[in-house]
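> any chance you can model this:
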Amino acid sequence: MLREIKKVRLCKIWRNETYDFAPWLAENLEQIREAIGIEPEFDSKEVSVDSFSVDILTKIWLPINLR
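Numbering: from 1, shown residues only. Below is the predicted model:
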C-alpha cells in the first residue's frame, strides 16, 4: 500500500515496467488520486494509441461552465 511519496530511482523499485510498475500503478490508483488531488477514473489497461501503447488509460471529468 502507498503511504507517502518519496523521491527514488524508479528502476530500483520497478525493474520491469510491464510486469512491475503498471500493475502497481493500477493497484494504487486510489492513493495516487489522493496524492495528486484529482480523480481519474480507470478505463482500461494496455491500450494502443497511434504507434504507442498506454499502460493504464484513465478519464478525468471536468466541470464545464456553459454560460
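> center of the protein - which residue?
Residue closest to the mean C-alpha point of the chain, counted by C-alpha atoms, centre = their mean, is Leu25 at 5.2 Å.
> give the buried residues for stretch 27-41.
For stretch 27-41, burial by neighbour count (16 or more other C-beta atoms under 10 Å) applies to Leu29. Every C-beta, even on glycine, is put in place using the N, C-alpha and C of the backbone.
> identify the residues contacting it?
Met1, Leu2, Ile5, Leu25, Phe42, Ile56, Thr58, Lys59, Ile60, Trp61 (C-beta atoms under 8 Å, 6 or more residues apart in numbering).
> what about the third one, how many neighbours?
Right, Ile5. The burial count assigned to Ile5 is 10, neighbours taken as other C-beta atoms under 10 Å.
> nearest residue to it in space, please, no chain neighbours.
Nearest residue to Ile5 in three dimensions, chain neighbours excluded: Ala35, at 5.8 Å (C-beta to C-beta, 6 or more residues apart in numbering).
> where exactly do the strands run in the protein?
Taking DSSP state E as the test, the strands found in the chain are 41-49, 52-59.
> could you list the low-pLDDT ranges of the protein?
Scanning the chain for pLDDT under 70 picks out 1-2, 65-67.
> now the helices for it?
10-13, 22-27, 29-36 (DSSP state H).
> would JSON lines of the ones you listed with distance to Asp50 be doable?
Below are the helices of the chain laid out as JSON lines (distance: least, C-beta to C-beta, whole Å):
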{"stretch": "helix 10-13", "distance to Asp50": "25"}
{"stretch": "helix 22-27", "distance to Asp50": "19"}
{"stretch": "helix 29-36", "distance to Asp50": "24"}
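> understood, closing this out.
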